[in-house]
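Asker: no letters, just coordinates:
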């Protein structure tokens, strides 16, 4: 997901790209060049778009995105779904800047499926830290187009030439006659006008909102319980459903020993068999859950025909051993110079094997789906999702109806981190659709936390074998890395056996250091688990592998790890500047160990990463107390090229540090006998407030092409922490999470 | 069973061991209080029972009959709650926001009992999980609310 190839149109449309095979038949439409007055429901908008007949350019039709209301406030339909990353606010800033409407006067909601919103390389999803960088120019033009139409309408209304008009936020001004026309008064007239072919964009120097720390639009609603998530949706006549899944994927429900008894439990409407699960429908979710968990089900073992059946003897430890034992160099992904020759001629060769475990997403909102079959045969779904068209297509296939008959609502996400892509067995909506059909009523299905931890799509497990060669002066001259495992992009978008899935190697490949002879290869090993995209995807672990191995090379060559990086970036001013920036932010580089003012013995680690189009340098300061790892400060310098909202970037860096640290310190999904051992946060610990370090952020705007924000802050955190810890522990650390280490013997 | 929630009495006819969370959400339609884990691990379901921070997902409804229950829906009507909300907004605490109802309620409970909390008091009371990692902003907002 790092580069754009996995989501480029040709890939999306490839024969392997099943999840993206969205039928566009029903949506191809002609210009709807109108500013729709008043509030239109997404359902009716969907129908309006479906009725339009010719091809359209995504992001061009003002009416698909903007409704200017009589009070001159703006309803904006975002192609991207808000899940904490601040995209709704960013969209309001970008569009408002050109439309000339204060972003605070925007109400933003997730757009329904439709061709207008395919802004992510010809498809549509919220992920890969793509949203702003992929739509920035288009959304600016959209806002400017709407402003142009409003000016035209005002000119007609006032009987003056457009050239005499200007705008101030929310209104058109005719200075010569001191007249003003609020946008809301001319939205109707503007609606009748054609879209302009060309519109001038505002000069960057005159930006009022882009680049400023504009307050989030959702801050108050989210502080008062008013924000509505999928789990909060309620519609007339709905019943609630809870499920119990087969403990191993692929197993099917056999006899239910106490079915009659469970049918008689309070509030129970009905008991159902579903593929791989049983369900209870009841008049409250608690009653449904209590009943479904009381069901004593004989689960069959997975049939050999099942898709991705979980073997009864599967264990994560055995799978890790298998990955580490894989031999050979795999398929080459990135080569430079002659790594084999340079290793053979090196003064010293360092070898190490690194690994990282499975992770769950652990977003706090458990997955749910609300399904309603309407009288006209359409199916309406409210569900957490990062890709409405993909879910629409898949739901249509499952329901046996045309995609245009599926109405998708995409509420705000209670965290996502990659959780809400189309992962089939990890998504509750097929169950909700089936149950709603069976009972003839709308069904709100919610997975308990335990069912969620059983069926989440995991960050894949991975192991990497490194060999590094040093010259006589201790400088790295060769690096060979072989990543073993499976990447999520290949799993979900089709894998070509002779090619490397970039999501498996990103963060080992694409590094910026001037090591003249390099080879990065991959050995594909099928992962028996359902794997998915986890925040920063391959980078979330691969930069840990690479950047800690680089410290090993520094140690072997008797070089300071910061100084070594600095030297290796001599030919790359952008990265060298960033490395210096993070050191400056941290008050200068020092590795340690050193004694801090509070008497603790501390060390610092440094790491760099190039994820999702941005560049990041990270320093972490760590101490040990009674074997417990304390991370005191994390300094992050990020260069995303150019920015929209520095406050949101700082918040995202905090968030990325928290999740990166959580994964580094604590998180690990363990499978025994084909079953995850932890089914809730009591067994799967995530970062608690007492472990949160101070986070210091510096944004460097180099002017390079705009990069991502949501994910790039994460990859540098685990290696920066592990590199610091290695100094204190006096040994290299090659496996996560760090909580597995016995550090009690180390003097804190 | 009679419950007093946000100063209003509600009659509910429900199994007495039903967790308060689900009475709020499904019986009374007050969905601001969130379900995250059901095991009192995450705190997304935090409400105030007689001013005490309480995890409603493991609180049988019968145990809170006769108490004063306060939920996020009424937080801005409470003088201390209002300060907390304003501090949450001005510190731009929320990211995904899902845990924030519980965080705001936990902060309100803290400041009701300890109007001028030390950093240790804050660390001791603000223990709810946030997967977006807004912990630093939460601590800053609690300090601001205490000063307001």
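Answerer: Thanks, I have the structure now. As the structure is a computational prediction, the values presented were derived from the model and not from experiment. Residues are numbered from 1 along each chain as shown, chains lettered A, B, ... in the order given.

Asker: what segments of chain B are strands?
Answerer: For chain B, applying DSSP state E gives strands covering B:2-5, B:8-11, B:46-49, B:52-55, B:68-70.

Asker: most tightly packed of those?
Answerer: Most buried of these by mean neighbour count (mean count of other CB atoms under 10 Å in any protein chain shown) is strand B:46-49; its value is a mean of 26. In this view, the C-beta of every residue, glycine as well, is placed from N, C-alpha and C.

Asker: so how far is it from its chain's centroid?
Answerer: What separates the centre of strand B:46-49 from the centre of its chain is 5 Å, taken as CA atoms, centre = their mean, to the nearest Å.

Asker: can you list the strands that that strand pairs with?
Answerer: Using DSSP bridges, the strands paired with strand B:46-49 are strand B:52-55 (antiparallel), strand B:68-70 (antiparallel).

Asker: what average pLDDT does stretch B:51-70 get?
Answerer: Here stretch B:51-70 scores 98 as its mean pLDDT.

Asker: that stretch: end-to-end distance?
Answerer: In stretch B:51-70, first residue to last residue: 8 Å (CA to CA, to the nearest Å).

Asker: how is the chain divided into domains?
Answerer: No chain was given, so I picked chain A. A:5-223, A:230-303+A:367-446, A:317-358+A:459-740 (automatic domain parsing).

Asker: oops, wrong one, chain B.
Answerer: B:2-73, B:75-147.

Asker: residues contacting residue A:579?
Answerer: Residue A:579 sits next to A:562, A:565, A:566, A:569, A:606, A:608, A:617, A:637 when contact means CB atoms under 8 Å, 6 or more residues apart in numbering or on different chains.

Asker: dump the domains of chain A to a markdown table, plus mean pLDDT.
Answerer: Shown next, in a markdown table, are the domains of chain A (pLDDT from 0 to 100):
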| stretch | mean pLDDT |
| --- | --- |
| domain A:5-223 | 82 |
| domain A:230-303+A:367-446 | 97 |
| domain A:317-358+A:459-740 | 97 |
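
Asker: coming back round to it: of the domains of chain B, flag the one that's most buried.
Answerer: Sorting these by mean neighbours (by mean count of other CB under 10 Å), the first place falls to domain B:75-147, with a mean of 22.

Asker: average pLDDT for that one?
Answerer: Average pLDDT, domain B:75-147: 98.

Asker: start to end distance for it?
Answerer: By CA to CA, the extent of domain B:75-147 from end to end equals 18 Å.

Asker: returning to what we had before: turn the strands paired with strand B:46-49 into CSV, columns for distance to residue A:490.
Answerer: Below are the strands paired with strand B:46-49 laid out as CSV (distance: least, CB to CB, whole Å):
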stretch, distance to residue A:490
strand B:52-55, 41
strand B:68-70, 50
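
Asker: now do the same end-to-end measure for stretch A:171-181.
Answerer: End-to-end distance (CA to CA), stretch A:171-181: 5 Å.

Asker: contacts for it?
Answerer: Contact with stretch A:171-181 is made by A:72, A:150-151, A:154, A:157-158, A:160, A:164-168, A:182-183, A:186, as judged by CB under 8 Å, 6+ apart.
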